[in-house]
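>>> Mind looking at a prediction? Sequence and model below.
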Amino acid sequence: MGIFSRLSDIVNSNLNALLDRAEDPQKVIRLVIQEMEDTLVEVRSAAVRLIAERREVERRMAALTRDQDEWHRKAAFAVQRGREDLAKAALLAKSRASQAIAEAQGQIEAVQAAIAQQNEDVGKLQAKLDDAKAREKSIVLRQQSATTRLKVKQTLYDERVTDAFARFEQVERNLDLMEGRAEAYDLGRRPAAPTVAEEFAALEANDQVERELAELKSRIKAEEKAA
């Protein structure tokens, strides 16, 4: 069974209220759009039939108008020939044609009013359909965004991710322990004897310091004498 029972239900519907009550807004909006599109096709098909009916009545009225004119001509001709009986018969036929023309005109006006109403309904329905399609796009985007956020949060709180981080932390703790053990082996050990190269480097550094010290003393003495 459809969401709407009549065209007026669609035209007067409150799409916001309908979606607010829906458990699955995306599914409901898709059904609404489908019904609106189907109804739009039906209304336009009905409008085509009404237009065809109006044209048929217009053709019939044109033929009746020709008959009316012809019976008027015949009545005048009968009067000219002194045949009042034929003139009366022609005028009676003309009257019937005039009455039929009036009825046809009423039919045309009724059909035209129905076409105008359907044209207005089609405009309202098209506006509702455009609004529904815009809502559908918005709902789809929101649902995709919500799904993506949910997946991210599920990933963050996934036990597998938690276990992986726990394993990384355990590896780091093991490395810290191994490094601590390596440092512990050096605790309390006497420094190794310097190599020959290290002793020469120390001597050279000491000589350099002695030279710089002697130069500094000599410069200070010279400055004192100059003063």
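That came through fine. Numbering: from 1, shown residues only.

>>> remind me, longest helix of this protein?
helix 84-156 (DSSP state H).

>>> helices and strands around that helix, which ones?
helix 7-11, helix 15-20, helix 25-80 (3 or more C-beta pairs under 8 Å, 6 or more residues apart in numbering; DSSP states H and E). The C-beta positions use only the backbone N, C-alpha and C, and glycine is treated the same way.

>>> Recalculate using a threshold of 6 Å.
With contacts taken as 3 or more C-beta pairs under 6 Å, 6 or more residues apart in numbering; DSSP states H and E, helix 84-156 sits against helix 25-80.

>>> Quick one: mean pLDDT over the helix it packs on.
Helix 25-80 comes out with an average pLDDT of 89.

>>> what's the spacing between it and its chain's center?
Centroid separation for helix 25-80 versus its chain: 39 Å, with C-alpha atoms, centre = their mean, to the nearest Å.

>>> How about stretch 216-227?
Here stretch 216-227 is found 91 Å from its chain centre; the criterion is C-alpha atoms, centre = their mean.

>>> And the residue nearest the centre of the chain, how far from residue 34?
Among the residues of the chain, residue 137 comes closest to the average C-alpha position under C-alpha atoms, centre = their mean, at 2.1 Å. Distance from residue 137 to residue 34, counting by C-beta to C-beta, to the nearest Å: 16 Å.

>>> Could you do residue 71 as well?
56 Å.

>>> Which one of the two is surrounded by more residues?
Neighbours per residue, other C-beta atoms under 10 Å: of residue 71 and residue 34, the larger number sits with residue 71, 20 against 13.

>>> Thought residue 94 was touching that one, still the case?
Yes - using C-beta atoms under 6 Å, residue 71 makes contact with residue 94 at a distance of 3.7 Å.

>>> Report the rounded mean pLDDT for stretch 199-207.
Here the average pLDDT along stretch 199-207 is 74.

>>> got the contact list for that stretch?
Applying C-beta atoms under 6 Å, 6 or more residues apart in numbering, stretch 199-207 has no contact partners.

>>> Please name the nearest non-neighbouring residue to residue 136.
With C-beta to C-beta, 6 or more residues apart in numbering as the criterion, residue 136 has its nearest non-adjacent residue at 4.7 Å, and that residue is residue 29.

>>> my read: the one you found touches residue 138, true?
No - contact criterion C-beta under 6 Å: residue 29 and residue 138 do not qualify, at 9.4 Å.

>>> Looking at these two now, which is surrounded by more residues?
Each of residue 29 and residue 138 has its neighbours counted (other C-beta under 10 Å); residue 29 has more, 22 against 12.

>>> Would you mind measuring from that one to residue 125?
Taken as C-beta to C-beta, the span from residue 29 to residue 125 is 16 Å.

>>> Likewise for residue 148?
Applying C-beta to C-beta to residue 148 and residue 125 gives a distance of 35 Å.

>>> The two - which one has more neighbours?
Each of residue 148 and residue 125 has its neighbours counted (other C-beta under 10 Å); residue 125 has more, 20 against 10.

>>> I'd like the distance between that one and residue 223.
Distance from residue 125 to residue 223, by C-beta to C-beta: 107 Å.

>>> before we move on, what about residue 67?
144 Å.

>>> any idea how far the longest helix of the chain is from the chain center?
On C-alpha atoms, centre = their mean, the centre of helix 84-156 falls 26 Å from that of its chain.

>>> and the angle from that helix to helix 25-80?
Helix 84-156 runs at 170 degrees relative to helix 25-80, counting by axes from the mean of the first three to the mean of the last three C-alpha atoms, to 10 degrees.

>>> what's the burial count for residue 33?
With other C-beta under 10 Å as criterion, residue 33 counts 16.
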